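J.: I would like the atomic coordinates for the input below:
(one chain, ligands or ions: 2)
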Amino acid sequence: MNSTPEEEQNAAEENRPETENESISRREMLKLTAIAGTGVVLGMSGMATLMSLKRADPGPGSGMSATKPQADSGDVIPFYGPQQAGIVTPQQPYVCFAAFDILHQDAGQLLKLLQEWSAASALMTAGKPLREGGNVTSPPADTGETKGLSPSNLTLTFGFGPTLFQNNGEDRFGLASEQPAELSDIPTMPGDRLNPQWSGGDIGVQACADDPAVAFHAIRNLAKASKGTAVIRWVQNGYIGAPDGQTPRNLFGFKDGTANRELDSDAARSQHVWVSSSYTPAWMANGTYLVARKIRMFLEPWDRATLAEQEITFGRLKESGAPFGKKNEFDPASLSQFPASSHVWLARSAGTKMLRRAYSYVDGIDAGTGEWDAGLFFISFQRSVKQQFIPMLSLLAKLDALNKFTSHVSSAVFACPPGAGEGGFVGETLFRSGNR
Ligand SMILES: C=CC1=C(C)c2cc3[nH]c(cc4nc(cc5[nH]c(cc1n2)c(C)c5CCC(=O)O)C(CCC(=O)O)=C4C)c(C)c3C=C
Ligand SMILES: [Fe+2]
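T.: Ligands and ions are numbered 1, 2, ... in the order given. Below you'll find the model as predicted:
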């Protein structure tokens with residue numbers, strides 16, 4: 001027998017997941033009464049008090065409607081897509097980067113975590129809260145501090161560290177055969193002062209946004225959702241500042257990121273950033289490798305160096321960012337004009353390119369020296385760590401004039417799989433790969 005529209009509506013109401021606006025249910029009332037230990041039926045005023053514990057609809061005009069979140073403010077970078085966002089999408093001014101370690105050895109739970117993280121990421125990048133309206137006797141799903149803020153172009157980029165595949169020779173999740181040859185720790189370089197507590201990690205998550213509160217909220221809520229399955233190993237915050245459309249300056253006052261323009265075309269990105277579909281392992285097609293290096297910059301001696309020394313160190317002019325012998329930032333550089341062992345000359349001589357997405361960091365004052373604990377949280381994306389990153393780093397570590405003013409204090413490498421299709425999850429290609 002056909003049901004009436006009213007019956008259909010009632011059935012839909014019963015099956016509807018809880019929302020923020022939903023009035024308190026009779027069952028919840030009974031539970032709350034029991035918790036309150038009154039053992040008596042509440043009168044109207046008690047009822048009203050309990051009802052008010054449920055958050056009210058913010059109402060029209062508040063800009064916070066539960067059904068229509070702030071996603072229409074235009075600052076949304078879609079989470080789903082063939083490639084992960086946060087790589088070639090425009091660099092936002094803030095990063096909160098976290099490396100997680102997985103606490104167990106259960107591949108099923110790892111898969112579930114990636115599914116939950118992807119679903120949560122899709123919501124957060126769209127400016128939507130994590131499921132709301134839990135009853136008052138359980139913690140809210142979303143921590144809530146970004147309520148009312150715009151999506152802020154939040155991107156969440158996930159990568160798998162070498163230890164996810166094998167740790168001390170142990171195949172923790174049955175994934176060892178899928179570990180890419182590219183994916184192993186960067187060899188220690190001369191001058192490195194790496195702190196293992198700030199290095200490595202099973203899964204790296206880069207949260208970038210126009211608002212630091214939004215980037216932190218994303219990492220905080222992913223950590224909260226992973227409770228019992230993963231713990232944060234290290235976190236690094238960073239920022240860049242640049243007038244609109246211009247190259248940001250690092251803490252030494254130089255424009256940093258100029259050469260990224262050479263990777264603006266799809267052809268250049270296919271050549272230098274994205275892993276091709278003919279690559280092994282196949283699950284990495286349309287993915288890339290992320291290298292993160294926390295590089296302390298010694299601001300005090302730098303600030304005492306002359307302008308000439310500063311410019312010779314980089315091989316570019318401080319004011320304009322132009323290469324030596326040229327006038328403007330984007331004038332083509334000629335290797336013969338660069339001072340020998342200048343940073344840019346060496347990086348160019350390596351004969352390879354990478355996409356850099358670095359952020360400045362300031363972690364306060366070094367308790368031992370009273371100097372700034374500050375520098376560059378260097379992040380680069382490349383299709384091959386072995387052919388691009390390591391040869392360049394080796395050259396720089398040996399000869400770079402910049403080494404006098406810097407020290408590498410942490411290092412991590414992550415294989416970033418392709419993006420997830422709508423409703424899918426990041427890492428799906430790994431879990432569905434042929435050998436499994
Ligand atoms: C292994 C790769 C690199 C590390 C580590 C690195 C550290 C580092 N860089 C700067 C500042 C600048 N780097 C610049 C250019 C540049 N740097 C790298 C690579 C590494 N840098 C490359 C590939 C390039 C581009 C070279 C080219 O082809 O022109 C510049 C110049 C402007 C620019 O193009 O961005 C600056 C400035 C710091 C401060 C630093 C460590 C603290
Ligand atoms: Fe550099």
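
J.: which bits of this structure sit near ligand 1?
T.: 250, 252, 254-259, 293, 295, 297, 314, 316, 343-344, 347-348, 354, 375-376, 378, 389, 392-393, 396, 406 (Cβ under 6 Å from any ligand atom). The way it works is simple: take the backbone N, C-alpha and C, and place the C-beta from them, glycine included.

J.: So which of these are in helices?
T.: Phe314, His343, Val344, Ala347, Arg348, Met392, Leu393, Leu396 (DSSP state H).

J.: so the fourth one touches Met392, yeah?
T.: Which is Ala347. Yes: proximity of Ala347 to Met392 meets the contact threshold set by Cβ atoms under 8 Å, at 6.1 Å.

J.: Which of the helices or strands spans Leu123?
T.: Element membership for Leu123, per DSSP states H and E: helix 107-125.

J.: I misspoke; the intended subject was Ala223.
T.: Applying DSSP H and E, one finds Ala223 within helix 212-225.

J.: repeat for Ala308
T.: Here Ala308 is assigned to helix 307-314, by DSSP H and E.

J.: Skip the chain neighbours and tell me the closest residue to the residue nearest to the spatial centre of the chain.
T.: The centre of the chain sits closest to Gln206, judged by Cα atoms, centre = their mean, with a distance of 1.1 Å. Take Gln206 and drop its neighbours on the chain: the residue closest to it by Cβ to Cβ, 6 or more residues apart in numbering is Thr157, 4.3 Å away.

J.: before we move on, what SS does that neighbour have?
T.: The three-state assignment at Thr157 reads strand, by DSSP: H, G, I helix; E, B strand; the rest coil.

J.: so how far is Ser407 from it?
T.: 26 Å (Cβ to Cβ, to the nearest Å).

J.: Neighbour count for the two, which is higher?
T.: Thr157 (26 against 15; other Cβ atoms under 10 Å).

J.: Tell me where the protein is predicted with low confidence.
T.: 1-73, 132-134, 434-436 (pLDDT under 70).

J.: For it, which segments count as strands?
T.: Using DSSP state E, the strands of the chain run over 94-102, 155-160, 203-209, 230-239, 288-297, 355-356, 359-365, 372-382, 406-416.

J.: So for Leu263, which of the ones you listed sits nearest?
T.: Of all the strands of the chain, strand 355-356 sits nearest to Leu263, with 5.1 Å by Cβ to Cβ.

J.: Provide the strand pairings for that closest one, with the direction of each partner.
T.: strand 372-382 (antiparallel) (DSSP bridges).

J.: picking that back up, quick one: which two of the ones in helices among the residues of the chain next to ligand 1 are the most distant?
T.: Farthest pair in those, by Cβ to Cβ: Phe314 and Leu393, 16.9 Å.

J.: Need phi/psi at Ser184.
T.: Per-residue torsions, Ser184: phi -150, psi 160 (degrees, to the nearest 10).

J.: number of nearby residues for it?
T.: 15.

J.: ok, the residue nearest to it when sequence neighbours are not counted - contacts?
T.: Nearest residue to Ser184 in three dimensions, chain neighbours excluded: Pro162, at 5.2 Å (Cβ to Cβ, 6+ apart). Applying Cβ atoms under 8 Å, 6 or more residues apart in numbering to Pro162 gives the contacts Gln179, Leu183, Ser184, Asp185, Gly200, Val413.

J.: By neighbours, which of these wins?
T.: Val413 (25 neighbours).

J.: contacting residues for that residue?
T.: By Cβ under 8 Å, 6+ apart, the contact set of Val413 is Gly161, Pro162, Leu183, Ser184, Asp185, Ile186, Tyr289, Leu290, Val291, Ala292, Val385.

J.: how much space is there between the fifth one and ligand 1?
T.: Right, Asp185. Look at Asp185 and ligand 1: by Cβ to the nearest ligand atom, to the nearest Å, they are 15 Å apart.

J.: correct me, but that residue touches Gly200?
T.: Yes: using Cβ under 8 Å, Asp185 and Gly200 qualify as a contacting pair, with a distance of 6.9 Å.

J.: what do the two both touch?
T.: Pro162, Ser411.
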